[in-house]
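> sequence and predicted structure are below.
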Amino acid sequence: LTLFVGDLPPNFSGPALKQLMSGFCFGVVSARVLPNCFYGFVTFSSADHATWALQIAKEEGLETAGRRLTISRAQGSLPSWKRGGGGGGG
């Protein structure tokens with residue numbers, strides 16, 4: 001299961017996000033932050049781990065660099081313009 005993590009500080013990296021999330025919950029498998037974006041995604045080894053992390057984040061909050069992070073279940077996949085495909089007008 002994957003969680004969305006928003007409101008990240010500028011230049012925050014995937015490894016930094018993985019380390020941050022691993023510091024307060026178990027089961028973090030991977031994390032990625034999209035280039036030039038203030039959000040990322042964290043994948044957990046089980047739905048139970050992700051649900052627990054989401055619950056803790058909502059109850060206690062999670063901050064880094066003075067920012068309170070927004071954490072929720074990831075919805076669907078990225079639109080094509082965020083994946084680097086398509087786009088452009090005419």
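Done, it's in. Residues are numbered from 1 along each chain as shown.

> give me the low-pLDDT residue ranges for the protein?
Within the chain, the stretches with pLDDT under 70 are 77-90.

> that one: helices as residue ranges?
For the chain, the helices identified by DSSP state H occupy 14-22, 47-60, 80-83, in order along the chain.

> distance check, residue 45 against residue 24.
Residue 45 sits 15 Å away from residue 24 when distances are taken as Cβ to Cβ, to the nearest Å. Backbone N, C-alpha and C define where each C-beta goes, glycine included.

> nope, residue 56 is what I was after
Between residue 56 and residue 24 the distance is 7 Å, computed by Cβ to Cβ.

> which neighbours do these two have in common?
When contacts are counted by Cβ atoms under 8 Å, 6 or more residues apart in numbering, the set common to residue 56 and residue 24 consists of residue 62.

> look up phi and psi at the nearest residue to residue 8 once chain neighbours are set aside.
Computed as Cβ to Cβ, 6 or more residues apart in numbering, the closest residue to residue 8 that is not its neighbour in sequence is residue 38, at 4.9 Å. Backbone dihedrals for residue 38, given as degrees, to the nearest 10, come out at phi -110, psi 30.
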